[in-house]
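Asker: only the shape, not the letters, is given here:
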């Protein structure tokens, strides 16, 4: 039973097949990297529950749009409120308590910040591209926001 290929052609086809088997699609690598990035599965996911840019402005009582963008991320045990300024993010952990805030960019280095005794913190400069925030309180509560792009 012949393949219609010479020995050299068959060896070349087998070589390409073995090489292709070792190549991993870029989207698969990105998915694996994203899964590893959330290595602490014990952290509760805080989902975006309010974004002033997408809120229904027809229900608003003010006559002009707010100049500051507000975001609220909510988990079962705490809330992270953010205000997006010109060159910084001002945030607060609710209920108000000190916390360690880690800025986790999709690419680049993490930044660790300390929220003060009433839960306030500031991220300067605003991260470029996608990022998320991880919040750890002294009581052991750990929450991570969904991905944010500003």
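Answerer: Cool, got the structure. Treat the numbers as computed from the prediction; the structure is a model and nothing was measured. Numbers count the residues shown, from 1 in each chain.
Asker: can you list the low-confidence ranges for the protein?
Answerer: The model of the chain has pLDDT under 70 over residues 1-3, 21, 33-42, 56-66.
Asker: any buried residues in the top helix by length along it, and which?
Answerer: As assigned by DSSP state H, the longest helix anywhere in the chain is helix 7-22. Of all the residues in helix 7-22, not one is buried under the rule 16 or more other CB atoms under 10 Å. The C-beta positions use only the backbone N, C-alpha and C, and glycine is treated the same way.
Asker: what packs against it?
Answerer: Helix 7-22 sits against no helix or strand, with contacts defined as 3 or more CB pairs under 8 Å, 6 or more residues apart in numbering; DSSP states H and E.
Asker: residue 4: neighbour count?
Answerer: Using other CB atoms under 10 Å, residue 4 has 6 other residues around it.
Asker: sorry, that was for residue 150
Answerer: Here the count is done by other CB under 10 Å, and residue 150 has 14 residues near it.
Asker: wait, what's in contact with it?
Answerer: 69, 84, 126, 127 (CB atoms under 8 Å, 6 or more residues apart in numbering).
Asker: measure it to residue 12 for me?
Answerer: Here residue 150 is placed at a distance of 50 Å from residue 12 (CB to CB, to the nearest Å).
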